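*Asks:* Sequence and predicted structure below; questions after.
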Amino acid sequence: MTVAVVIVAAGSGERLGAGIPKAFVALQGRPILDWAVDAFNGHPDVSSVVIVAPAEPGVGSAQATALAERLGDRVVVVPGGISRQQSVRSGLAALPGETEFVLIHDAARPLVPADVIGSVVAALRQGADAVIPVLPVPDTIKRVDPSGLVTGTLDRSELRAVQTPQGFRRSALLSAHRAALDQGLHEITDDAGVMEAAGYVVHTVPGSPAAFKITTPHDLALAQLLVTR
Ligand code: C5P
């Protein structure tokens, strides 16, 4: 049962403020994307890698192409879109024909541990159509209106922070993405959300603090510390 991963790396990364797309910012001298690709390219459960790189010529697309040339046949690069959802669709279109399960991973989570990848794949092999790694939410979460006033407090025991890789039966994810497009749903921020909108059941497995997403300069500094310790 063949497993492929789509690594989405086409975001601009404005909140990081590095002036280049986030996935190509250096972490210990190598682009963030390289770390993410290594996590999957060396994983025993994963047989091929699709990288979704920025469409515009520039540092991102050039580095992604150089990376794929270095890694050979198992890795291909395709251009992304203006939304994450569009970038994922572009990656799905490039999957090898024999792919049965697909993992969708944010390049911005370069330090995802091998056992999280393994848990997601194991749940797919047990029959789930959709699996996501999650963590409990340690903070109290409040709803706040545009003027800054609190309008409610959520029950954090029911909440989970969602990570990637998210895993799917390929045929189910393709049909869910087609349905989202048909319904005009263009800004769903994760693929489990696309599956939920199409009525699929989404399972969870334990995530890891190490799979955090690099969004701000603080996150990048934390990742630097973790890889140099
Ligand atoms: O913006 P955010 O941090 O949620 O992005 C998550 C992941 O999706 C990142 O790895 C980013 O490169 C990717 N992305 C993409 N295409 C977009 C927007 C985001 O590949 N248009």
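*Replies:* Good, I have the coordinates.
*Asks:* okay, CA-based contacts and neighbour counts for the rest of this
*Replies:* Will do.
*Asks:* What are the contacting residues of the host helix or strand of Gln85?
*Replies:* Assessed by DSSP states H and E, Gln85 sits inside helix 84-92. Contact with helix 84-92 is made by 6-8, 10-11, 50-52, 78-81, 104, 174, 177, 186-191, as judged by C-alpha atoms under 8 Å, 6 or more residues apart in numbering.
*Asks:* And the strands in the protein, which stretches?
*Replies:* With DSSP state E as the criterion, the chain has strands at 2-8, 26-27, 30-31, 48-53, 75-79, 99-106, 130-136, 142-144, 150-153, 160-162, 166-169, 203-206.
*Asks:* Can you add mean pLDDT, mean neighbour count and distance to the ligand and give the ones you listed back as TSV?
*Replies:* Below are the strands of the chain laid out as TSV (pLDDT from 0 to 100; neighbours: other C-alpha atoms under 10 Å; distance: least, C-alpha to the nearest ligand atom, whole Å):
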stretch	mean pLDDT	mean neighbour count	distance to the ligand
strand 2-8	97	25	4
strand 26-27	96	18	14
strand 30-31	94	16	12
strand 48-53	95	27	6
strand 75-79	93	21	9
strand 99-106	98	23	4
strand 130-136	98	22	15
strand 142-144	98	12	20
strand 150-153	98	10	24
strand 160-162	98	15	11
strand 166-169	98	27	12
strand 203-206	98	17	19
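*Asks:* Out of those strands, flag the one nearest Val121.
*Replies:* For Val121, the closest of the strands of the chain is strand 166-169, at 6.8 Å, according to C-alpha to C-alpha.
*Asks:* Packing partners of that closest one?
*Replies:* Under the contact criterion of 3 or more C-alpha pairs under 8 Å, 6 or more residues apart in numbering; DSSP states H and E, strand 166-169 touches strand 99-106, helix 114-125, strand 130-136.
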